[in-house]
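Participant: structure for this input, please:
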Amino acid sequence: MAITLNHTIIPSHDKVETAKFYSRLFGFEYIGVFGPFIVVRVNDTLCLDFSSKDSFDSHHYAFKVTEDEFDEIFQRIKDEKIQYGSAPGESENMTVNHNYGGRGVYFRDTNGHLLEMLTADYVIT
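Facilitator: Residues are numbered from 1 along each chain as shown. Sure thing, here's the model as predicted:
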């Protein structure tokens, strides 16, 4: 059996608001309360568990999507007037990258976490 990531905990200032943001933007299934967390389902094997914290470090989360999903999510990013950019250090230059023959974009969630959406895997040699 292949090992898969089952869930990860994402700290946030408001776990409900943040879970709804990810569900709305990415189209993830909003599950709701599970113990102290608010859960969204990314796919058949992965959930994101949001917790409320007063302070935390900014994290980076990257999501690989299809070309069609990229178009749909990118339109929602623009509709919500979210600043985006082509690289981690340029997450507000309002351009999309075309690395590795695909498309990619970086933007921040409501807690300052750096999110990445890409259509092609990195080529590591």
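
Participant: what are the ranges of the strands in the protein?
Facilitator: 7-12, 29-34, 37-41, 47-52, 60-64, 84-85, 104-108, 114-118 (DSSP state E).

Participant: could you export these as CSV, including distance to residue 70 and mean neighbour count?
Facilitator: C-beta: built from backbone N, CA, C; applies to glycine. Written out in CSV, the entries for the strands of the chain read as follows (distance: least, Cβ to Cβ, whole Å; neighbours: other Cβ atoms under 10 Å):
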stretch, distance to residue 70, mean neighbour count
strand 7-12, 22, 17
strand 29-34, 19, 12
strand 37-41, 19, 21
strand 47-52, 19, 19
strand 60-64, 10, 13
strand 84-85, 12, 20
strand 104-108, 8, 21
strand 114-118, 6, 19
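
Participant: can you put these in CSV and add mean pLDDT and distance to residue 97?
Facilitator: Shown next, in CSV, are the strands of the chain (pLDDT from 0 to 100; distance: least, Cβ to Cβ, whole Å):
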stretch, mean pLDDT, distance to residue 97
strand 7-12, 98, 24
strand 29-34, 98, 28
strand 37-41, 98, 26
strand 47-52, 98, 24
strand 60-64, 98, 13
strand 84-85, 98, 9
strand 104-108, 98, 5
strand 114-118, 98, 8
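
Participant: those strands into a markdown table, with extra columns for distance to residue 19?
Facilitator: As requested, the strands of the chain are exported to a markdown table (distance: least, Cβ to Cβ, whole Å):
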| stretch | distance to residue 19 |
| --- | --- |
| strand 7-12 | 8 |
| strand 29-34 | 6 |
| strand 37-41 | 4 |
| strand 47-52 | 5 |
| strand 60-64 | 13 |
| strand 84-85 | 21 |
| strand 104-108 | 16 |
| strand 114-118 | 14 |
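
Participant: and of these, who's closest to residue 92?
Facilitator: Within the strands of the chain, the stretch nearest residue 92 is strand 84-85; the backing value is 5.2 Å (Cβ to Cβ).
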